[in-house]
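Peer 1: Sharing a model prediction with you, sequence too.
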Amino acid sequence: MSAVTSLCWTLLSVGLLLVSADQKIITAEPGQTVILPCRAPNNDIIGVEWSRADLQPEQVFLHHDKTFDPVNERPYFDNRMDLQDRQTEDGDVSLVLQKVTAADTGVYECHVFMRGTDPRKRANPDGDPICIIQLRVNDAEN
């Protein structure tokens, strides 16, 4: 194996470790309120989107211009989700999910929209989320 190939594999391995290290796991009991923590790199936030890839549509929460947008909210989440800080001060875009059930188990991703960018485009042009949270809600029957 050449030195360049070896270096590429090493960098790829380190990159994968860094990506997987960003994912947090939160475990909860049914009925609890949980906070899915997430902080944007700055406070020039004009919008926040939380999504779950296993749902269609994926979007579970949208907040823009300091206002909740219920257009695409799934009825299942009705009145159970909010931002911890609606003003998104200091970049806090943590999601609060109330009265969790086993059906809330899944991987949640947070994307932000920054001031000075096209509001239809996420802060990260490649679509990478700024936070990935795996929520595990214990089954009440166990």
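Peer 2: Alright, I've got the coordinates. Quick caveat: nothing in here was measured; it's all calculated off a predicted structure. Numbering: from 1, shown residues only.
Peer 1: Surely Thr105 touches Leu55?
Peer 2: No. Judged on CB atoms under 8 Å, Thr105 makes no contact with Leu55 at a distance of 11.7 Å. Yep, even glycine has a C-beta here, placed from its N, CA and C like the rest.
Peer 1: any idea whether Lys99 is helix, strand or coil?
Peer 2: coil (DSSP: H, G, I helix; E, B strand; the rest coil).
Peer 1: What of Ala103?
Peer 2: helix.
Peer 1: Is it correct that it is in contact with Arg80?
Peer 2: No. Counting by CB under 8 Å, Ala103 does not reach Arg80; the two are 11.3 Å apart.
Peer 1: And the two? Which one has more around it.
Peer 2: Arg80 (17 against 9; other CB atoms under 10 Å).
Peer 1: OK, contacts around the more buried one?
Peer 2: When contacts are counted by CB atoms under 8 Å, 6 or more residues apart in numbering, Arg80 touches 97-99.
Peer 1: just the buried members of those residues?
Peer 2: Neighbour-count burial (16 or more other CB atoms under 10 Å) applied to those gives Leu97.
Peer 1: low-scoring stretches of this structure, by residue?
Peer 2: 1-22, 43, 65-67, 70-74, 116-127, 140-142 (pLDDT under 70).
Peer 1: where do the helices sit along it?
Peer 2: 3-21 (DSSP state H).
Peer 1: Nearest spatial neighbour of Thr33, chain-adjacent residues omitted?
Peer 2: Nearest residue to Thr33 in three dimensions, chain neighbours excluded: Gln98, at 4.7 Å (CB to CB, 6 or more residues apart in numbering).
Peer 1: Hmm, Pro30 and that neighbour touching each other?
Peer 2: No. Applying CB under 8 Å as the test, Gln98 and Pro30 come out as separate, 11.8 Å apart.
Peer 1: correct me, but Pro41 touches Gly91?
Peer 2: Yes. The criterion here is CB under 8 Å, and Pro41 meets it with Gly91 at 6.5 Å.
Peer 1: So which of those two has more stuff around it?
Peer 2: Per other CB under 10 Å, whichever of Pro41 and Gly91 has more neighbours is Gly91, with 16 against 11.
Peer 1: residue contacts, the more buried one?
Peer 2: 39-43, 45.
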